[in-house]
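okay, predicted coordinates and the sequence, questions at the end:
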Amino acid sequence: MKIAIPVDDKSVETHICQSFGRTQYFLIYDTETKEKIFLDNRAAGSQGGAGIKAAQTVVDNNVNVLLTPRCGENAAGVIKAGNIKIYKTISESIQDNIQAYIDGKLSLLEDIHAGFHNHGGE
Amino acid sequence: MQGFIIMEENSLKIAVLSGKGGTGKTLLSVNMAATAKKAIYIDCDVEEPNGHLFFKPQNMMSEEISIKIPIADEKLCSGCRVCVDFCKFNALAYINNKLIVFDEVCHSCGGCVLLCPNRALSEEEKIIGKVQKGVSESVTVITGILNTGEASGVPIIKKLLKDLEGEKEIVFIDCPPGSACIVMESIKDADYCVLVAEPTLFGVHNLNMVLELVTLFKKPYGVVLNKCLESENPAEKFCIEKELIILGKIPFDLELGTLNSNALISARENKKYYEVFSSLLQLVMKEVEHETAINS
């Protein structure tokens, strides 16, 4: 099973990024091999539609689940079309969230926001 | 008098703009249009057009405006993703052997359709708003309306301004607020730009934004200071420092505010205001003539 997580840096000590579409990197974690790969998010600097492009990257890497604090509706549309389940993270720590997911303690992300579409957002 | 001939052949277009909403673009363009002998008023603030509330135009005609959105033929699509990679706005995704098009992200450039090596993409029309046309006394009132939720009003503005070809009357373009793409589209063909500013520091910031825009577009312009009080006016100070032409000052006046809040055209209601806006228009015309003379 492969897990994707938006992260700020290419290191295991890094934090989970608050933005899905404009995260700098994705951590792809394989629960069987315990292998960790960091992918560049080519959508980070997009003028628009970053969520769509970021989601395409996640789908293209044959991920099974996405752990993220938030996700916009366009990105969620792509992710769901790729049969990937989206779970809501509970803290900034990567390890804690992976463990929580494995233990079945994470819940599905329900509050898909309408997207910020060039208006930034926090 | 070559400049004069140019003006005879084409309509003279005056754009009214400001860096933020609520500075008085509509007040100014509606009232100046009302004092002109014959005029066309165009509301390019397609997200929230309100000029028609003042003019209450009669004999309304309406035309729907649509844009072109790509649609994929699944049988022809090979999944090569040329279109996905090309789209600068990321309006396309290719998931589970299927192309997904995000209509509201698409800017209708048509690039994906041109590039598709399998000719799997074609275009379909999508209605995004409408243009309404009516008459109010001597003014032809044209309003652009963008449907709620649509991404860009630019196609509607293009239509509004394209329809002007061949017109001879003086045109007032009531621009959307700010200095983004939609404003650029609105002032592109303008012969003169009137910048409206509020007497605050925030007003100065907003004035500077549109000032940069009209400078970039090499448009002749002048400033109208609205909501003027007795006290110090940072916008006026800014104009003096930058040596900008101040076309006029409109007082922060309870009577004018009341008329305007009741959706009445002050220049039609009160002789005093007729004089204010009529002299402003004359000054603008003089400036335009001067500009045309030095540029011809």
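Thanks, I have it. Numbering: from 1, shown residues only, chains lettered A, B, ... in the order given.

what is the neighbour count of residue 22?
Using chain A here. As a burial measure, residue A:22 scores 19 neighbours (other Cβ atoms under 10 Å in any protein chain shown). All C-beta spots, glycine's among them, are computed from the backbone N, C-alpha and C.

actually it's chain B I care about, not the one you picked
Residue B:22 has 13 nearby residues by other Cβ under 10 Å.

same check on the one 3 residues further on?
Neighbourhood size, residue B:25 [other Cβ under 10 Å]: 29.

my read: it touches residue B:16, true?
Yes: using Cβ atoms under 8 Å, residue B:25 is in contact with residue B:16, at 4.8 Å.

list residues touching both of these two?
Applying Cβ atoms under 8 Å, 6 or more residues apart in numbering or on different chains, one finds that residue B:25 and residue B:16 are jointly contacted by B:174-175, B:196.

filter the residues you listed down to the buried ones.
Buried by 16 or more other Cβ atoms under 10 Å in any protein chain shown: B:174-175, B:196, out of the shared contacts of residue B:25 and residue B:16.

just these now: which is nearest chain A?
residue B:175 (19.6 Å; Cβ to the nearest Cβ).

which residues does the nearest residue to residue B:273 once chain neighbours are set aside contact?
Distances taken as Cβ to Cβ, 6 or more residues apart in numbering or on different chains place residue B:266 nearest to residue B:273, at 3.9 Å, with adjacent residues excluded. By Cβ under 8 Å, 6+ apart, the contact list for residue B:266 reads B:27, B:31, B:256, B:259-260, B:273, B:277.

please enumerate the strands of the stretch 101-250 of chain B.
In the stretch 101-250 of chain B, the segments counted as strands under DSSP state E, counting those that start in this stretch are B:121-136, B:139-146, B:170-174, B:192-197, B:221-228, B:246-251.

which residues in chain B form helices?
B:2-9, B:25-35, B:51-55, B:82-86, B:111-115, B:154-162, B:181-187, B:201-216, B:234-242, B:254-261, B:266-269, B:271-295 (DSSP state H).

any stretches of the stretch 151-296 of chain B with poor pLDDT?
Within the stretch 151-296 of chain B, the segments meeting pLDDT under 70 span B:295-296.

what about residue A:33, how many neighbours?
Residue A:33 is flanked by 8 other residues according to other Cβ under 10 Å.

looking at the contacts of residue B:266, which is nearest residue B:136?
Comparing the contacts of residue B:266 against residue B:136 with Cβ to Cβ places residue B:31 closest, at 12.5 Å.

distance of the closest residue to chain B within chain A from residue B:148?
Closest residue of chain A to chain B, Cβ to the nearest Cβ: residue A:49 (2.8 Å). From residue A:49 across to residue B:148, the span is 20 Å (Cβ to Cβ, to the nearest Å).

more crowded one of the two?
For residue A:49 versus residue B:148, neighbours defined as other Cβ under 10 Å are more numerous around residue A:49 (28 against 7).

wait, doesn't that one sit right on residue B:102?
Yes: here residue A:49 reaches residue B:102: they are 6.8 Å apart, a contact under Cβ under 8 Å.

which neighbours do those two share?
With Cβ under 8 Å, 6+ apart, residue A:49 and residue B:102 have common neighbours A:74, B:90-91.

now, among these, which is nearest to residue B:56?
residue B:91 (39.3 Å).

state the number of residues packed around the closest residue to residue A:48 other than its chain neighbours.
Using Cβ to Cβ, 6+ apart and skipping the chain neighbours, the partner closest in space to residue A:48 is residue B:89 (4.9 Å). Here the count is done by other Cβ under 10 Å, and residue B:89 has 17 residues near it.

from the stretch 1-150 of chain B, which residue is nearest to chain A?
Residue of the stretch 1-150 of chain B nearest chain A, by Cβ to the nearest Cβ: residue B:90 (2.8 Å).

please list the residues of the stretch 1-150 of chain B that sit near chain A.
B:84, B:87-96, B:98, B:100, B:102, B:105 (Cβ under 8 Å from any Cβ of the partner chain).

and the furthest pair within the residues you listed?
B:88 and B:96 (24.0 Å).

okay if I get the buried ones among the shared contacts of residue B:25 and residue B:16 as a markdown table plus distance to residue A:61?
Output for those, formatted as a markdown table (distance: Cβ to Cβ, whole Å):
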| residue | distance to residue A:61 |
| --- | --- |
| B:174 | 50 |
| B:175 | 45 |
| B:196 | 52 |
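
ok so, going back, how about the contacts made by the residue nearest to the residue of chain A closest to chain B when sequence neighbours are not counted?
Distances taken as Cβ to Cβ, 6+ apart put residue B:90 closest to residue A:49, at 2.8 Å, once the chain neighbours are dropped. Contact analysis of residue B:90 by Cβ under 8 Å, 6+ apart lists A:43, A:46, A:48-50, A:52-53, B:102, B:105.

can you rerun that using 10 Å?
A:21, A:43, A:46-56, A:74, A:78, B:84, B:102, B:105-106 (Cβ atoms under 10 Å, 6 or more residues apart in numbering or on different chains).

among those residues, which are located in helices?
Mapping these onto helices (DSSP H) picks out A:50-56, A:74, A:78, B:84.

which of those sits closest to residue B:235?
Using Cβ to Cβ, the ones in helices among the contacts of residue B:90 come closest to residue B:235 at residue A:50, 37.1 Å.

wait, doesn't the closest one sit right on residue A:71?
No: the pair formed by residue A:50 and residue A:71 falls short of the contact definition of Cβ atoms under 10 Å, at 11.9 Å.
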